[in-house]
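>>> give me the fold of what follows.
(chains A and B)
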2 protein chains.
Amino acid sequence: MITKNELKKIKSLKLKKNRKKFLLFVAEGEKNIKEFINSEIQFYKIYSTVKLDWVNSTLISENNMKRLTFLRNPSKVLAVLKLPVFKNSHKNRVILCLDNVSDPGNLGTIIRLCDWYGINTILCSSETVDCFNPKVVQASMGSLSRVNCIYCDIEKKLKNSNRLIYGAVIEKGASIYSEKMEDNSILVIGNESKGISNNILKIINNKISIPKVTKNKGPESLNAASAASIIISNFFVS
Amino acid sequence: MITKNELKKIKSLKLKKNRKKFLLFVAEGEKNIKEFINSEIQFYKIYSTVKLDWVNSTLISENNMKRLTFLRNPSKVLAVLKLPVFKNSHKNRVILCLDNVSDPGNLGTIIRLCDWYGINTILCSSETVDCFNPKVVQASMGSLSRVNCIYCDIEKKLKNSNRLIYGAVIEKGASIYSEKMEDNSILVIGNESKGISNNILKIINNKISIPKVTKNKGPESLNAASAASIIISNFFVS
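Next up is the predicted model:
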């Protein structure tokens, strides 16, 4: 059973302002939700349309699940979780810094990528899409349970850091294939259409680029998550 | 002006069966459409809500554009293009082969990636999402004008090929960081949740993996486009 008020409250979590108000966010799908079970992120409530053997949940009708879901095809289970307070870690070989990445799918993919490579801290500019946006939670496939997305004044953070700062630029950076990526560094990835902001570009020590094979033809840029994947992988080439 | 019948026909191009019936597909947005101008793909019709200086278009009202568009936020211009007949090229250093990649965003990102690295041929299994799906066209950002997506019986193609065949597997493949990727090869990327099908796995000479740094923790897999980006980049490490 779910009350009308609960339903309304959960649906309202689509918007960032309501997630901040209630300090809650939504994750959907068995695989995704299971990842949060052993994490530091706490559950507030779990709803499902069938009895589950891996967790206690409140049974609701398929119709109510359709009302609740943020997905086109609702899954059998939806969890409401408490917004965690993410902590900065200094152990990372490389820290990722996102300067206004705006596409939820890209952020989700990047969180999953960081989790794969053991990078547990992402610094996000305040304009970067919220990591608790339902589409981000979906694309990150549970990796949000292990990767800390810290929204902050990245200009200040970068200025105060003693790490080497790499920035991905489309042209005129050193080729990632000739540059040896140093540990104890930060990698900045910019906005999908505008790239890295001017004030941030000024702080960057090492501009790097993924060389385009099709010189004067080909696309203007790579997808931001695609570029992040290629560059982060390069830190791990031995 | 646009007639009711035209409007209906264009809207119907959301579905593959109608794209096959009319031999047409839709591209939206100035940047995306401009890429097709000097390509072999021919225009059927261009609609816009404002007069454009780079192309002749049929002016329509914003309301009609809202009816036509497949995007949440319609752009000022929408083109209807003729379905091309894609040709196989043998010049590629590496050819990509997609075994049932189903997410349109992933396919679009992969087409853009191939374009960046000068790979102009992608072999797609018949179950792979259609490259003229509006979401694929959108995510590929015009790269469809330069990359040939050939839908075929990939099992047959791979069996008849004399290229070296790499297949991306989650575990138990040779590390991409220790393997030197050979030219004149094919790289197979599998379905987002199921990976490469069993019948295709049997044909693969070289199974390769992206080593997971977070051994027993971390995500089960990387996003398919993310993995494709990392592995294709590795072919270009000198």
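>>> next one: the helix or strand harbouring residue A:136, is it in contact with chain B?
Element membership for residue A:136 (DSSP states H and E) is helix A:134-140. Yes: looking at helix A:134-140 against chain B by Cβ under 8 Å from any Cβ of the partner chain, the contacts come from residue A:139. Any C-beta I mention is one placed from the backbone N, CA and C, and that applies to glycine too.
>>> show me what that helix is packed against.
Taking 3 or more Cβ pairs under 8 Å, 6 or more residues apart in numbering or on different chains; DSSP states H and E as the contact definition, the neighbouring helices and strands of helix A:134-140 are strand A:24-28, helix A:104-116.
>>> show me what whichever helix or strand comes after the shortest one is packed up against.
The first helix or strand that comes after strand A:24-28 along the chain, using DSSP H and E, is helix A:30-37. Helix A:30-37 is packed against strand A:77-82, with contacts defined by 3+ Cβ pairs under 8 Å, 6+ apart.
>>> what about the strand it packs on, average pLDDT?
The predicted model gives strand A:77-82 an average pLDDT of 97.
>>> if we can go back for a sec, just say which of the helices and strands packed on helix A:134-140 is most tucked in.
Among the helices and strands packed on helix A:134-140, the stretch with the highest mean neighbour count (mean count of other Cβ atoms under 10 Å in any protein chain shown) is helix A:104-116, at a mean of 27.
>>> ok so, going back, redo the helices and strands packed on helix A:134-140 as CSV? Include mean pLDDT and distance to chain B.
Rendered in CSV, the data for those read as follows (pLDDT from 0 to 100; distance: least, Cβ to the nearest Cβ, whole Å):
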stretch, mean pLDDT, distance to chain B
strand A:24-28, 97, 14
helix A:104-116, 97, 5
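>>> relative to strand A:77-82, how tilted is the lowest-mean-pLDDT helix or strand in chain A?
Confidence across the helices and strands of chain A bottoms out at helix A:30-37, with a mean of 92, counting by mean pLDDT, DSSP states H and E. Angle of helix A:30-37 versus strand A:77-82, following axes from the mean of the first three to the mean of the last three Cα atoms, to 10 degrees, is 30 degrees.
>>> buried sites along helix A:30-37?
Going by neighbour count (16 or more other Cβ atoms under 10 Å in any protein chain shown), the buried part of helix A:30-37 is A:32, A:33, A:34, A:35, A:36.
>>> kindly report the domain assignment for chain A.
When chain A is parsed with automatic domain parsing, its domains come out as A:4-82, A:94-234.
>>> which parts of chain A sit against chain B?
Contact residues of chain A with respect to chain B, defined by Cβ under 8 Å from any Cβ, are listed as A:31, A:35, A:105, A:109, A:112-113, A:115-118, A:139, A:141-143, A:146, A:177-178, A:210-214, A:217-220, A:222-223, A:225-227, A:229-230, A:233-234, A:236-238.
>>> residue A:196 is in contact with residue A:203, isn't it?
No: contact status for residue A:196 versus residue A:203: not in contact, 9.7 Å apart, counting by Cβ atoms under 8 Å.
>>> of those two, which one has the most company?
More neighbours surround residue A:196 than the other of residue A:196 and residue A:203, with 22 against 17 (other Cβ atoms under 10 Å in any protein chain shown).
>>> pull the number of nearby residues for the closest residue to the more buried one other than its chain neighbours.
Counting by Cβ to Cβ, 6 or more residues apart in numbering or on different chains, residue A:190 is the residue found nearest to residue A:196 once chain neighbours are left out, at 3.5 Å. When counting by other Cβ under 10 Å, one arrives at 24 neighbours for residue A:190.
>>> surely residue A:190 meets residue A:102?
No: under the criterion of Cβ under 8 Å, residue A:190 lies out of contact with residue A:102, with a separation of 10.5 Å.
>>> give me the number of residues near residue A:199?
That count, for residue A:199 with other Cβ under 10 Å as the rule, works out to 11.
>>> wait, is it part of a strand?
No: the assignment for residue A:199 by DSSP: H, G, I helix; E, B strand; the rest coil gives helix, which leaves it out of any strand.
>>> before we move on, the earlier item: got the angle for the least confident helix or strand of chain A vs strand A:24-28?
140 degrees.
>>> after helix A:30-37, which helix or strand is next?
Following helix A:30-37 in sequence order, the next helix or strand is strand A:43-48 (DSSP H and E).
>>> ranges for the strands of chain A?
Counting by DSSP state E, one finds strands in chain A at the ranges A:24-28, A:43-48, A:58-59, A:77-82, A:94-98, A:121-125, A:148-152, A:164-168, A:174-175, A:185-189, A:206-209.
>>> residue B:17 is nearest to which of those strands?
In terms of Cβ to Cβ, the element of the strands of chain A nearest to residue B:17 is strand A:24-28, at 30.1 Å.
>>> show me which of the buried residues of helix A:30-37 is closest to chain B.
Proximity of these to chain B (Cβ to the nearest Cβ) peaks at residue A:35, which lies at 8.0 Å.
>>> ok, the closest one - contacts?
Residues near residue A:35 by Cβ atoms under 8 Å, 6 or more residues apart in numbering or on different chains: A:141, A:142, A:143, A:145, A:146, B:219.
>>> in a markdown table, list these along with pLDDT and neighbour count.
As requested, these are arranged in a markdown table below (pLDDT from 0 to 100; neighbours: other Cβ atoms under 10 Å in any protein chain shown):
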| residue | pLDDT | neighbour count |
| --- | --- | --- |
| A:141 | 91 | 23 |
| A:142 | 91 | 23 |
| A:143 | 94 | 25 |
| A:145 | 92 | 24 |
| A:146 | 93 | 24 |
| B:219 | 91 | 23 |
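>>> tell me which of the residues you listed is nearest to residue A:82?
Taking Cβ to Cβ as the measure, residue A:145 is the one of these closest to residue A:82, at 12.3 Å.
>>> hang on, the closest one packs against residue A:42?
No: the pair formed by residue A:145 and residue A:42 falls short of the contact definition of Cβ under 8 Å, at 10.9 Å.
>>> quick revisit: tilt between the least confident helix or strand of chain A and strand A:43-48?
160 degrees.
>>> do you know which of the domains of chain A lies nearest residue B:68?
Distance to residue B:68, taken as Cβ to Cβ, is lowest for domain A:4-82 among the domains of chain A, at 21.2 Å.
>>> just to revisit the earlier point, ranking the domains of chain A by burial, who's on top?
Comparing the domains of chain A on average neighbours per residue, with mean count of other Cβ under 10 Å, the densest one is domain A:94-234 at a mean of 20.
>>> what is the end-to-end distance of it?
Start to finish, the residues bounding domain A:94-234 are 11 Å apart (Cα to Cα, to the nearest Å).
>>> what do you get for stretch A:220-228?
Using Cα to Cα, one end of stretch A:220-228 lies 16 Å from the other.
>>> what about it, distance to the chain center?
Between the mean C-alpha location of stretch A:220-228 and the chain-wide mean there is a distance of 15 Å, by Cα atoms, centre = their mean, to the nearest Å.
>>> returning to what we had before: pull the most distant pair out of the contacts of residue A:35.
Using Cβ to Cβ, the two most remote members of these are A:141 and A:146, lying 11.1 Å apart.
>>> ok so, going back, just the CA trace of the least confident helix or strand of chain A, in CSV.
The C-alpha atoms that make up helix A:30-37 are tabulated as CSV, following Å, rounded to 0.1, in the frame of the first residue of the first chain:
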residue,chain,number,x,y,z
GLU,A,30,16.8,-4.7,-9.0
LYS,A,31,20.4,-4.6,-10.1
ASN,A,32,20.7,-0.9,-9.4
ILE,A,33,19.1,-1.0,-6.0
LYS,A,34,21.0,-4.1,-4.8
GLU,A,35,24.3,-2.1,-5.1
PHE,A,36,23.1,0.3,-2.4
ILE,A,37,22.5,-2.5,0.2
